Each structure stands twice: as C-alpha cells, then as structure tokens.
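Engineer: Okay, structure incoming, though there's no sequence with it:
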C-alpha cells in the first residue's frame, strides 16, 4: 500500500537593512553553500528591514510558522535571526524543539534536535548571553555611579516633554481645537481609535491655552 510521505523542505532566510546588493550577496552565499552541499533550496524568505523592528515585521514569526519538523533553515550568519543574543537563542531553542535543522554558514553551525554537539553549542550560547547581560548591567551601574559622584544629575530635567506620536498632527490638532471640534471627533478625523491619548497630549502640551476659538 502506498502512503504519502512529506518531503523535507529547505528554506533560506535573508534579512538586510541596507540595499538590494546585500540581499543579492546573501542569496549568492546561500546558493553557493547549497551547491557545495548538494542541497536544493525550496524557498527564499527575504525581508529588507531594520533589526529594530518586531519579530513579526522581520517575518520571523511567519518563518517559524512556515517551517515544519524535519525542515531545514539556512541563514548566512546567525545574527540574522534576532536583535540580541538572547533573542537568537530563544529562536534556536524553538526551532530545535520543533525538530527543525538550523544551518548558519558563517559560523559553521549545523544544529539539530537530539544532537549532543548542538545541545552543547546552545548551552554555551546561553551562558554567553547571560554573561553579556551581566556585563551590560555592571557597566551601566558603574557609569551611573561615576556620574553621581561627579554631581551630574541623572534623568531628564523636570518638566521635559517626551516625544509623542501626536507631534506630527500638532498643527492640525490646534486648528481643530480652534474650530471647536471635540477631542473625540479630533481622534476620529486623525484616524486614532482611542481619544484618551489625544486628550492627554492636549493637556500636557497645554494646547487649550494656546488657541483662540473661532466663533
């Protein structure tokens, strides 16, 4: 009796924050590796965006949902998977637990589930991430202590206004207030679902005191 067998797939993930040339460079490295290893890449998942974006915006969530057990994920270097060591490790653990093979070309990593060398590598990464966090914490505390000893006042000056997403709409908000439009209506006109934020913005910026109603 014949049974359907799932074909294991190989997906290559490309992330760049600069120009198309870097995308092409990563793709070339991935293709060269695949050719050397006699691997067929079934799909390229490419995104040109900053690592400061969320995992959803970097399409990593889409990537993890797309991958299935026994699939292979290839990246040119492991840093493409996250913004920090801890985020990268978290994703690696998630992939391995799902039974996905991870290959990072630059680091020469070939990580697999139930593989002792892979477990040792991930454990070392975790220790390095913890060390990295500790060192950052120590450096931050030392820097703050030095500033305090020097009499430098920490934090923003009292009364300093934080940047707001409403800053770009400031002129329009003022104009609408001048016309006597309600805060709820202003929020609706500007495309904001919650008027509370705009109300707080108007209050902290003291906009009501700056306008002269038109009759």
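Structural biologist: Thanks, I have the structure now. Just so it is clear, the structure is predicted and the values come from calculations on it, not from any experiment. Residues are numbered from 1 along each chain as shown.

Engineer: So for the one helix or strand residue 203 maps to, what gets flagged as buried?
Structural biologist: Assigned by DSSP states H and E, residue 203 falls within helix 195-204. Neighbour counts over helix 195-204 (16 or more other CB atoms under 10 Å) mark 195, 198, 201-202 as buried. C-beta here means a position set from N, CA and C on the backbone, and glycine is covered the same way.

Engineer: for the residues you listed, which one is nearest residue 164?
Structural biologist: Checking the buried residues of helix 195-204 against residue 164 by CB to CB gives residue 201 as the nearest, at 5.7 Å.

Engineer: Show the contacting residues for the closest one.
Structural biologist: 164, 166, 173, 207 (CB atoms under 8 Å, 6 or more residues apart in numbering).

Engineer: same thing with residue 13?
Structural biologist: 45-46, 60, 63, 73-75, 80-81.

Engineer: For those, give me TSV that also has secondary structure.
Structural biologist: Formatted as TSV, the contacts of residue 13 follow (DSSP: H, G, I helix; E, B strand; the rest coil):
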residue	secondary structure
45	strand
46	strand
60	helix
63	helix
73	strand
74	strand
75	strand
80	helix
81	helix
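
Engineer: now, which of these sits nearest residue 183?
Structural biologist: residue 60 (38.3 Å).

Engineer: Tell me how far the closest one lies from residue 170.
Structural biologist: Distance check for residue 60 against residue 170: by CB to CB, to the nearest Å, it reads 35 Å.

Engineer: And the lengthiest helix in the chain, what does it pack against?
Structural biologist: Counting residues, the longest helix in the chain under DSSP state H turns out to be helix 116-149. Applying 3 or more CB pairs under 8 Å, 6 or more residues apart in numbering; DSSP states H and E, one finds that helix 116-149 makes contact with helix 85-97, strand 109-111.
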